[in-house]
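In: Take this sequence and fold it.
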Amino acid sequence: MKTKKAGLVTRSEALQKQLVNWRRDFHQYPELSFQEKRTSEKVLSVLQNQKAYSIDTGVGGYGIIATLKNGEGPTIGLRADMDALPIGGQSYRPWSSKTPGVMHACGHDAHTAILMGVSLLLAEDAAKDQFKGTVKLIFQPAEESCDENGETGALKMLHSGKLDDLDAVLALHMCPWRQTGEIQYHDGPSMANNDEFHLTIKGSGGHAGYPHHVQDPIWMATYILQALYSCNGRKVDPLEVGTISVGQIHAGEANNVIPHEVEIKGTMRSYTDEVREKLITEIHRIANIVTALGGGHDLRIFKGEPALLNDSSINEIIRKSAGSMKIYNEPFGMGSEDFSHFTRQTPGAMFFLGCALENERKLHRPDFDIDEAAMVDGVRILMESTYRLLERGGEE
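Out: Predicted coordinates:
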């Protein structure tokens with residue numbers, strides 16, 4: 001591994017210019033979830049030129065699975081997401097988005113470029129018989145949004161059955177709060193369960209001058225809101241991770257008319273299945289408050305991505321592969337990530353790759369950008385982690 005590791009450093013660094021060119025191309029032409037046609041065509045052209053991969057296209061939309069089999073051994077999956085966000089980017093870079101209202105504000109352009117770089121090095125090593133086993137490169141559509149059935153790209157690719165044979169799966173995520181040369185990892189739950197609730201409070205509206213003649217749903221909503229926000233500190237153990245937030249309230253069309261209904265929409269975030277179910281139970285209990293106040297209600301719960309569970313043994317391999325880089329052991333926050341579906345099916349882990357510029361550029365913001373030098377670290381860590389996983393599997 002020492003010789004191979006030394007070679008990977010030099011070879012990864014040699015890809016820097018190509019990685020930047022790919023990333024900037026994707027950044028200029030971002031595509032929303034389930035619309036990644038141009039992006040996937042660009043990826044496909046690079047994979048086909050290498051003639052080392054068996055390629056499946058159209059997996060879960062515009063998804064691509066490129067399989068490189070080199071003898072007997074474990075099967076390792078490496079995943080990169082390709083979609084952009086409906087955010088208008090700032091045009092302070094020559095490679096800023098050329099698509100109005102769409103930009104790569106979460107680093108998926110870099111994720112894709114990094115995995116394309118990995119594809120080049122893997123093909124070279126397979127030609128020299130440098131490893132034994134199978135590697136599947138997973139270029140995934142639609143991490144950011146779901147289809148009409150509530151499925152994101154990860155689930156749709158998994159439903160294809162083409163990834164059932166994975167022994168381990170890896171992914172990375174750009175991390176604008178860590179410097180280049182740093183990574184962040186965490187064992188177990190590391191990103192949140194992401195669930196939504198839509199609550200409609202039903203009353204009987206009427207003239208605002210005669211509130212005693214109606215069942216006022218806005219008045220009822222004040223009790224609901226107080227109860228919802230009380231959950232965070234009174235119904236969930238303060239040592240557990242769990243929160244409820246309201247993002248939308250809709251009611252009424254005139255200031256002198258009490259409406260018939262109030263709509264309240266929000267999100268629930270948690271790290272464990274136990275807290276997830278606790279929050280859902282509390283939402284149902286709180287919704288019933290309106291009955292005592294003379295109203296009715298309709299409550300719908302939409303379960304989204306499960307919490308990201310990182311395998312500790314795979315994280316140990318990532319840490320070793322990071323070498324002398326500075327390593328932080330912390331959860332990734334209350335965001336969600338559909339890579340969690342992969343790690344529910346197959347032992348896996350995601351790490352966050354430091355890429356901070358001067359002044360942090362937060363994810364999902366129109367000024368988001370990265371230090372492109374970090375992509376070399378991403379290629380090297382994924383390559384070395386893959387080889388360690390292949391060798392570990394061969395020894396079992």
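
In: any idea of the mean pLDDT in stretch 112-120?
Out: For stretch 112-120, mean pLDDT is 99.

In: got the contact list for residue 28?
Out: Residue 28 sits next to 95-98 when contact means C-beta atoms under 8 Å, 6 or more residues apart in numbering. The way it works is simple: take the backbone N, C-alpha and C, and place the C-beta from them, glycine included.

In: Buried ones among those residues?
Out: The neighbour count (16 or more other C-beta atoms under 10 Å) marks 95, 97 as buried among the contacts of residue 28.

In: Just the closest of the contacts of residue 28 to residue 218, please.
Out: residue 97 (40.7 Å; C-beta to C-beta).

In: Next, that closest one: secondary structure please.
Out: Secondary structure for residue 97, judged by DSSP: H, G, I helix; E, B strand; the rest coil, is coil.

In: Is residue 141 in contact with residue 82, as I believe?
Out: Yes - between residue 141 and residue 82 there is a contact at 5.8 Å, judged by C-beta atoms under 8 Å.

In: Common neighbours of the two, please.
Out: Joint contacts of residue 141 and residue 82 (C-beta under 8 Å, 6+ apart) are 36, 40, 62.

In: wait, the second one sits on residue 57?
Out: Yes - checked against C-beta under 8 Å, the pair residue 40 and residue 57 is within contact range at 7.2 Å.

In: and the two? which has more neighbours close in?
Out: residue 40 (21 against 15; other C-beta atoms under 10 Å).

In: Distance of the spatially most central residue of the chain relative to residue 304?
Out: For the chain, the residue nearest the mean C-alpha position is residue 337 (2.8 Å; C-alpha atoms, centre = their mean). Counting by C-beta to C-beta, to the nearest Å, the gap from residue 337 to residue 304 is 11 Å.

In: before we move on, the earlier item: intersection of neighbour lists for residue 40 and residue 57?
Out: 63-64.

In: Which parts of the stretch 51-200 of the chain are strands?
Out: Taking DSSP state E, counting those that start in this stretch to define them, one finds strands in the stretch 51-200 of the chain at 54-59, 63-70, 75-81, 133-140, 168-175, 182-185, 188-191, 193-202.

In: can you check the stretch 251-396 of the chain too?
Out: Under DSSP E, counting those that start in this stretch, the stretch 251-396 of the chain gives strands at 257-258, 261-270, 296-303, 308-310, 326-329, 348-354.

In: Quick one, which of those strands gets closest to residue 150.
Out: strand 296-303 (6.9 Å).

In: who's in contact with the closest one?
Out: Outside strand 296-303, the residues that reach it (C-beta under 8 Å, 6+ apart) are 150, 195-203, 280, 283-284, 287-288, 290-291.

In: Good, we can wrap up now.
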